[in-house]
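In: Pasting the sequence and the predicted coordinates here, then a few questions.
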Amino acid sequence: MARAVCGVPLSFVVAVGLTGQLAAQTTGEVDREYSIKGAFLYNFGRYVQWPDTALPKDGPPFVIGVLGTDPFGAVLDEIAVAAKVDGHPVAAKRFATLAEYTPCHILFLAAATDAQVKAAAIQRLRNAPVLLVGEEPGMAQRGAVVNFYVEQNKVRFEINIETARQQQLKVSSKLLSLAKIVGSQ
């Protein structure tokens, strides 16, 4: 059984730490916050279960998408090179507009993205098996499943389990134990 650090699976801690170090060493331009958020996005893929129709066993890559201006730089591409989620290779995609969107497993709604575009994305994907992730106050209450926030200089996240259920996603108890839970329980 994997060891845990403060209740967090060691593999989760190591992946977040190593990805942050790799990004800082190779790009020099990526804010550490987005190295950490990128590692979290990858790890969300490991601790969330998608329906078989969205992630078939022998299907295409596990896709992490970004809608709007990409704050990650090369971080997501670096993760995609070596990472796998449930046996699937990882691919990173960027969508400047919602019209460019193609199906993803995780869609990050960048803070710099226009509020109307984010609202339209939430509405369009409301019943789709997509883990919508935001990074501004109230996003989990407005339809994102996960929302990042910074508290005491640490990246944290909240999860709306009601929205996850609506989107046919099963969030592991390990991930829930690390999150602030919002919405109905």
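Out: In hand now; what should we look at? Numbering: from 1, shown residues only.

In: what's near enough to touch the spatially most central residue of the chain?
Out: Within the chain, the residue whose C-alpha comes closest to the C-alpha centroid is residue 41; the distance, by Cα atoms, centre = their mean, is 3.1 Å. If a contact means Cβ atoms under 8 Å, 6 or more residues apart in numbering, then residue 41 has 64, 76, 79, 106, 108, 133 as its contacts. For glycine as for every other residue, the C-beta is placed from the backbone atoms N, C-alpha and C.

In: Next SSE downstream of the host helix or strand of the fifth one?
Out: I take that to be residue 108. In this structure, residue 108 is located in strand 106-109 according to DSSP states H and E. Proceeding N to C from strand 106-109, the next assigned helix or strand is helix 115-124, under DSSP H and E.

In: which neighbours does the next helix or strand after that following helix have in its sheet, and in what orientation?
Out: Beyond helix 115-124 on the C-terminal side, the first helix or strand identified by DSSP H and E is strand 131-134. The strands that strand 131-134 pairs with in its sheet are strand 106-109 (parallel), strand 146-151 (parallel) (by DSSP bridges).

In: what does the strand holding residue 108 rub up against?
Out: Counting by Cβ under 8 Å, 6+ apart, strand 106-109 makes contact with 37, 41, 44-45, 63-68, 101, 118, 121-122, 125, 130-135, 139, 144, all of which sit outside it.

In: rerun that using 7 Å as the cut-off
Out: Outside strand 106-109, the residues that touch it by Cβ atoms under 7 Å, 6 or more residues apart in numbering are 41, 44-45, 64-68, 118, 121, 125, 130-134, 139, 144.

In: most packed of the strands paired with strand 131-134?
Out: A comparison of the strands paired with strand 131-134 by mean neighbour count, using mean count of other Cβ atoms under 10 Å, puts strand 106-109 on top with a mean of 26.

In: Now do it: distance to the chain's middle.
Out: Taking Cα atoms, centre = their mean, to the nearest Å, the mean C-alpha location of strand 106-109 is offset from the chain mean by 6 Å.

In: what is the mean pLDDT for that strand?
Out: Across strand 106-109, pLDDT averages out at 98.

In: burial measure for the closest residue to residue 158 other than its chain neighbours, as a count.
Out: Nearest in space to residue 158, with sequence neighbours left out and distances taken as Cβ to Cβ, 6 or more residues apart in numbering, is residue 180 at 4.1 Å. Burial of residue 180 is recorded as 13 neighbouring residues (other Cβ atoms under 10 Å).

In: Also residue 123?
Out: Taking other Cβ under 10 Å as the neighbour definition, residue 123 ends up with a count of 10.
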